[in-house]
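Colleague: need coordinates for the following:
(2 chains)
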Amino acid sequence: MGSRLAVAALCATLFGCTAGRVAQEPFEPEPLEPAPPRADFRFAEPPSVDNDPFFGAGAARTEITLGLSQVALIEGALDPSGANEVWTDSDGYGFSLSAATFVSAHLSHEGRGGVWAVAIHRPDRSLAAWWGMGATDRVATHPVELSAGAYFVHVAAEPSVGLAPYALRVVTAPDEPCASSARPDYVEREASPGLNDQALVHWGAFPRVSRGDGLAEATGLRVERDGSRVIEGVSGAPGASADAYLDRDAYELEVADGVGELRVRIEHDSADVNLDVMLLSADGRTLVGAGVEIGDSPELAAIPVAPGRYVLWVGARDERAIGGGTALPLGYRAVVCGRRGAR
Amino acid sequence: MTRAWLAGALLVALPSSAAANEVVATPCDGSTHGASAFSIFESVCVAGAADLECDGAPGADVYVVPHGAEPWAGRAIRVDASFADVLAYAAPLAPGEYDLFLDEGCDGEWTEDDLHVERAFEVFDDLVCRAPGPPLDPGLENGATCRGACGAGCPSSCTLGGAVTTCVEGGGRHQTCTFETLTCSTHEACRAHDECYDGCDGFWCQRQCDLGCVGRWGLACGAWATGRGPSDGSVTYWGHPVTAGATEGACGS
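Modeller: Predicted coordinates for the structure are as follows:
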């Protein structure tokens, strides 16, 4: 079995068996055995240390200064002894950039139940890279271009997670947005609100996914490594809401072999509609990843994935209480592309 | 009569850290909450803040005048840069509506630095029920309630308290006032967010308030929005008073 998998990996890697790869693409060998993660800097923090950047002693001083194309590996653990209603623990790690570059944070853990979150903040705590969130064993932020200076990474998880060690990698590397065609690969069929609301999402500090009405639309779309798919949909304007959103659109997707990360970009034309994007498990019950930036278009997410079937979920936040959402119904484009993912 | 005790419930929230150039009427009981209704038997105090100097020291002059009158028709009350519980109008009061003026620079002339609060308070010739704490409904234009509580308005996480009865007296009469109370958790972030929202006039301003919370407190803002999350205390809010009206005699008679 293992050899067949290795052959399949070789096929995909060396001979371009995975559709969407370009024949002239530079040869890019991959190791047959997993290599230990590369790290230019290492830092470890015992779980009992208070490094809560919001309600505690502040982010840990790691003395890490990242240059271009470097990786910092930080090992820590969430300690539930100081848990509150919001999180089981909240850890921060300071770092600096010696030059302007793209930065992303990648969190991996043992997969204990509950939603985890990782974000990059400036010293004044404003968000530099919005939260990556998910209930699987890996969570990441979308790469963001930052100037030289000081920042900190924030790691937190729901109170249900308990004591949980984790590894956090802060990566600087060049980045390019996903290419997208002008013509959509799929257009939403059930544009009326409520018909493809496969999942409801309630918010506290973390999103909570539950079963909704309807089913995800069978798009037949398969996302290949370095390939993009474009979905066009309409976020509607129903009179009532069963969760934190006014409309939810769900689309089935298949992620091809060789893809370790899905990039999602939601584009729309309204400044007063707040669209969020989430990637759910095929049954719509588990949050795999999310892009939840407040208000801005495009909405960006970088979601660690394994090959398989998923549901892409796009929702318009119910912000009627402050006069938002008046531009609904609103058309949007969801650009989804496959990446190998940070190693 | 009805108007009197309903108006009595309309207290104006005074921010815990008063912004410069602000003046409100207060009931001279050390309260940090402004009031918009008084009985003729009460005295009126003022609280607020000034941001210029008078005679070389930080401060301003406050004037209390019948609504529509020129500010300089009243007596100047010298206040410090930040002031509270300063007696402005001693009982017995004359019924009617009153304006407050804050004369920045104490120059006795109307300038753009000055503040004119029209109909700042009203004096009734009946007894007025006054809640001993912040009102559940402060009568804001935006209709917002439970200001400073974590969560939208008065969230379901607040706990309903029992009815509390107080008694006010004056002029040989007394009146019992019964209030329902609601206790909610509060936090510095929630108070700042509510104050930000109440100073807004539209979606984009409120969006900035949300971002301000997220930028200072991170994920906790999502919990606070649902009425949960860390708190640094609790606040008891007071509902509209219910009264059968004034009767002869003192409280307890």
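Colleague: closest residue of the stretch 1-150 of chain A to chain B?
Modeller: A:Ser126 (3.8 Å; CB to the nearest CB). For every residue, glycine as well, the C-beta is placed using N, CA and C.
Colleague: what's the burial count for that residue?
Modeller: 13 (other CB atoms under 10 Å in any protein chain shown).
Colleague: I'd say it and B:Gly215 touch.
Modeller: Yes. At 3.8 Å, A:Ser126 counts as touching B:Gly215 under the criterion of CB atoms under 8 Å.
Colleague: before we move on, the earlier item: would you enumerate the residues in contact with the residue of the stretch 1-150 of chain A closest to chain B?
Modeller: With contact set as CB atoms under 8 Å, 6 or more residues apart in numbering or on different chains, A:Ser126 has these partners: B:Gly215.
Colleague: could you redo the last one with a cut-off of 10 Å?
Modeller: Under the criterion of CB atoms under 10 Å, 6 or more residues apart in numbering or on different chains, the contact list for A:Ser126 reads B:211-212, B:214-216, B:218.
Colleague: now, those that are in helices?
Modeller: In helices, defined here by DSSP state H, the members of those are B:211-212, B:214-216.
Colleague: measure A:Ser108 to A:Gly92 for me?
Modeller: The gap separating A:Ser108 from A:Gly92 is 18 Å, by CB to CB, to the nearest Å.
Colleague: more neighbours, those two?
Modeller: Using other CB under 10 Å, the more surrounded residue of A:Ser108 and A:Gly92 is A:Gly92, with 24 against 17.
Colleague: list the helices and strands the helix or strand that contains that one packs on?
Modeller: If you go by DSSP states H and E, A:Gly92 is part of strand A:89-97. Under the contact criterion of 3 or more CB pairs under 10 Å, 6 or more residues apart in numbering or on different chains; DSSP states H and E, strand A:89-97 touches strand A:41-44, strand A:60-66, strand A:71-78, strand A:101-109, strand A:116-121, strand A:149-157, strand A:164-172.
Colleague: now these in TSV, with distance to B:Cys154 and mean pLDDT?
Modeller: Formatted as TSV, those follow (distance: least, CB to CB, whole Å; pLDDT from 0 to 100):
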stretch	distance to B:Cys154	mean pLDDT
strand A:41-44	45	97
strand A:60-66	39	97
strand A:71-78	33	96
strand A:101-109	37	97
strand A:116-121	29	97
strand A:149-157	28	97
strand A:164-172	36	96
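Colleague: in TSV: those, plus distance to chain B.
Modeller: Compiled in TSV, the helices and strands packed on strand A:89-97 are given as follows (distance: least, CB to the nearest CB, whole Å):
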stretch	distance to chain B
strand A:41-44	21
strand A:60-66	16
strand A:71-78	13
strand A:101-109	14
strand A:116-121	6
strand A:149-157	6
strand A:164-172	16
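Colleague: a markdown table please, covering the ones you listed and showing distance to A:Val259.
Modeller: Formatted as a markdown table, the helices and strands packed on strand A:89-97 follow (distance: least, CB to CB, whole Å):
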| stretch | distance to A:Val259 |
| --- | --- |
| strand A:41-44 | 28 |
| strand A:60-66 | 26 |
| strand A:71-78 | 21 |
| strand A:101-109 | 15 |
| strand A:116-121 | 20 |
| strand A:149-157 | 25 |
| strand A:164-172 | 18 |
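Colleague: closest one to B:Cys167 among these?
Modeller: With CB to CB as the measure, strand A:149-157 is the member of those nearest B:Cys167 (50.4 Å).
Colleague: that closest one packs against which elements?
Modeller: strand A:60-66, strand A:71-78, strand A:89-97, strand A:101-109, strand A:116-121, strand A:127-134, strand A:164-172.
Colleague: go again using 6 Å as the cut-off
Modeller: Applying 3 or more CB pairs under 6 Å, 6 or more residues apart in numbering or on different chains; DSSP states H and E, one finds that strand A:149-157 contacts strand A:89-97, strand A:116-121.
Colleague: ok, that strand: who's next to it in the sheet?
Modeller: Using DSSP bridges, the strands paired with strand A:149-157 are strand A:89-97 (antiparallel), strand A:116-121 (antiparallel).
Colleague: what lies in contact with it?
Modeller: A:53, A:59, A:78, A:87-88, A:90-96, A:105, A:114, A:116-121, A:123, A:128, A:170, B:219 (CB atoms under 6 Å, 6 or more residues apart in numbering or on different chains).
Colleague: okay then, goodbye and thanks.
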